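**Student:** I need the structure of the sequence given here:
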Amino acid sequence: MAEPDALADDLLDGLADLAIDDVRARRAACQRLETQLSFVRRLAQGHLDIVASEVTARRDGARRDGARRDGARRDGTQDGRTLVEQLTEALSDRITAPGPGRLPAGLEPGDIDAALMASLDRAAPPAQVSDPASMSDAELHEVTEALAALERDVSSRRRAMFDRIDALQEEIVRRYRSGEADVDSLLNR
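**Tutor:** Numbers count the residues shown, from 1 in each chain. This is a model prediction of the structure:
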């Protein structure tokens with residue numbers, strides 16, 4: 001059986017007429033895509049945290065004694081903190097997301113869709129994010145705006161995928177409740 005297209009407009013059409021295995025396959029395809037979207041969203045948020053940390057360092061650096069305009073010292077640290085310490089602080093700021101959230105079906109995102117990764121790379125080229133101090137203020141602003149837009153888009157796509165997953169799950173539950181499917185069929189696989 002071919003992998004169902006989780007983005008197909010007709011994915012939810014005629015669910016009641018499909019075999020239970022087809023409904024499960026569609027749900028699994030949606031869950032895989034949601035996991036990929038979640039992974040890319042977390043990457044975008046991490047990139048945003050790195051860029052925001054640089055913006056903050058520049059803003060605060062202009063007010064500190066002994067610091068250059070960019071807040072860095074001659075030894076490559078920010079107020080005596082190493083780059084790793086700064087990144088640890090920036091990336092640990094949001095350990096949990098707001099809202100109830102969902103546990104992912106799997107922690108491994110698998111092969112990430114190339115178009116998703118390309119959109120992240122366009123928003124925040126890896127060379128820039130790996131060295132945010134090298135960006136001008138205008139570049140930092142541009143990357144921040146692009147990452148924020150990407151994060152909003154991916155979040156919207158995830159919400160739409162959750163709606164599909166919920167509809168597919170409801171169909172599966174309906175079948176078990178009505179007796180159209182039984183638990184024994186899962187055990188005899």
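**Student:** Next one: residue 11, what pLDDT does it get?
**Tutor:** With respect to pLDDT, residue 11 scores 95.
**Student:** so it, which of the three states?
**Tutor:** Under DSSP: H, G, I helix; E, B strand; the rest coil, the three-state class of residue 11 is coil.
**Student:** if I pick it, what's in contact with it?
**Tutor:** 4-5, 26, 30, 164 (Cβ atoms under 8 Å, 6 or more residues apart in numbering). (C-beta placed from N, C-alpha, C; glycine too.)
**Student:** ok, it to residue 31 distance?
**Tutor:** 13 Å (Cβ to Cβ, to the nearest Å).
**Student:** just residue 171 next, same as before
**Tutor:** 15 Å.
**Student:** one step back: could you dump the contacts of residue 11 to JSON lines with neighbour count, pLDDT and distance to residue 148?
**Tutor:** Compiled in JSON lines, those are given as follows (neighbours: other Cβ atoms under 10 Å; pLDDT from 0 to 100; distance: Cβ to Cβ, whole Å):
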{"residue": "4", "neighbour count": "17", "pLDDT": "90", "distance to residue 148": "32"}
{"residue": "5", "neighbour count": "13", "pLDDT": "92", "distance to residue 148": "29"}
{"residue": "26", "neighbour count": "24", "pLDDT": "96", "distance to residue 148": "32"}
{"residue": "30", "neighbour count": "27", "pLDDT": "96", "distance to residue 148": "26"}
{"residue": "164", "neighbour count": "21", "pLDDT": "97", "distance to residue 148": "25"}
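**Student:** Closest one to residue 15 out of these, please.
**Tutor:** Checking these against residue 15 with Cβ to Cβ, the nearest one is residue 26 at 8.2 Å.
**Student:** which residue sits closest to residue 24, ignoring its sequence neighbours?
**Tutor:** Among residues not flanking residue 24 along the chain, residue 172 sits closest, at 6.8 Å (Cβ to Cβ, 6 or more residues apart in numbering).
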